[in-house]
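J.: Only the shape, not the letters, is given here:
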């Protein structure tokens, strides 16, 4: 992995795979996970696309937070580093939140948006958000105890039907430093973000019917509020769709990107 050093002293570890001249996909992983979450996708899409993955701050090999920071601005730094003006962006859970907030905050900066089991700022949960449950548990328990508690939450229940996915999640969780379970996370506070209705790019939203209710509902809210968005539901999957049914997700993502790429080519041809 290579390292991008940030202006505030932080460091993001990233990987680039695939043809340098091809269209680019940037993948954003979920909470307690790392960029290897997307290995089943990189294996397929790197044949046709330049694929960029990175560990979000506080996860994987990237640096832990040392003060106030913002995942969205970290993502902006990645795009600036690679001089990307219109990449395809794919995010799962926390990564999905980062992706759609960025798309609303910085319109016109991506070619397409794919949200898998996404989180959302401002969504009112009927039950407690799984991350909040784990963070509260971590206040009175060790990092290892909290990791075990986190893995045992209903959020990951569907993994019992996907042994390889469960092993992959367990490996990433074992590698995770547990920083968020032992520290207060000083993410930057901003005025209310632009709403999803301001997102102006083709959007694919994918959810699992076996996910916890909050994430299941968020996907529908986002798909309904983003113009030109399509919602797909995988009936036999939960939260970790990229690992539970990678082949199906790869087919759906590939078909979506193919349509978007053709539309981009047609627009470019008309301008020429």
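T.: Okay, I see it. No experiment lies behind these values; they were computed from the predicted model shown.
J.: tell me the contacts of residue 165?
T.: 159, 240, 243, 244 (CB atoms under 8 Å, 6 or more residues apart in numbering). In short, each C-beta sits where N, CA and C put it, glycine included.
J.: And for it, nearest residue in space, chain neighbours not counted?
T.: The spatially closest residue to residue 165, leaving aside those adjacent along the chain, is residue 243, at 3.7 Å (CB to CB, 6 or more residues apart in numbering).
J.: And for residue 230?
T.: Counting by CB to CB, 6+ apart, the residue nearest residue 230 is residue 204, at 5.4 Å.
J.: State whether the one you found is indeed within a strand.
T.: Yes: looking at residue 204 with DSSP: H, G, I helix; E, B strand; the rest coil, it is inside a strand.
J.: Just give the number of residues close to it.
T.: Other residues within reach of residue 204, judged by other CB atoms under 10 Å, total 22.
J.: again, but for the one 10 residues further on
T.: Counted with other CB under 10 Å, residues neighbouring residue 214 total 19.
J.: where does the protein have low pLDDT?
T.: Along the chain, the parts satisfying pLDDT under 70 run over 189-191, 272.
J.: let's go with 90 and repeat that
T.: For the chain, the stretches with pLDDT under 90 are 1, 67, 121-122, 186-196, 228, 263-272.
J.: Show the contacting residues for the residue nearest to residue 230.
T.: Here residue 204 is in contact with 112, 113, 114, 115, 229, 230, 232, 252, 253, 256 (CB under 8 Å, 6+ apart).
J.: Just put the residues you listed in CSV and tack on neighbour count.
T.: What follows is those, written out as CSV (neighbours: other CB atoms under 10 Å):
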residue, neighbour count
112, 25
113, 29
114, 26
115, 33
229, 19
230, 15
232, 16
252, 19
253, 22
256, 20
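J.: now, which of those residues lie within strands?
T.: Per DSSP state E, strands hold the following members of the contacts of residue 204: 112, 113, 114, 115, 229, 230, 232.
J.: Distance to residue 171 added to those residues, as a markdown table?
T.: Formatted as a markdown table, the ones in strands among the contacts of residue 204 follow (distance: CB to CB, whole Å):
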| residue | distance to residue 171 |
| --- | --- |
| 112 | 30 |
| 113 | 28 |
| 114 | 24 |
| 115 | 25 |
| 229 | 33 |
| 230 | 32 |
| 232 | 27 |
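J.: which among those residues gets closest to residue 123?
T.: Among the ones in strands among the contacts of residue 204, residue 115 lies closest to residue 123 (CB to CB), at 12.9 Å.
J.: Tell me how far the closest one lies from residue 19.
T.: 26 Å (CB to CB, to the nearest Å).
J.: Residue 211 now?
T.: When residue 211 is compared with residue 19 (using CB to CB), they lie 34 Å apart.
J.: Neighbour count for the two, which is higher?
T.: Higher neighbour count among residue 211 and residue 19: residue 211, with 25 against 13, using other CB under 10 Å.
J.: Of the contacts of residue 165, which pair is most distant in space?
T.: Spatial extent of the contacts of residue 165 (CB to CB) is set by the pair 159 and 243 at 8.2 Å.
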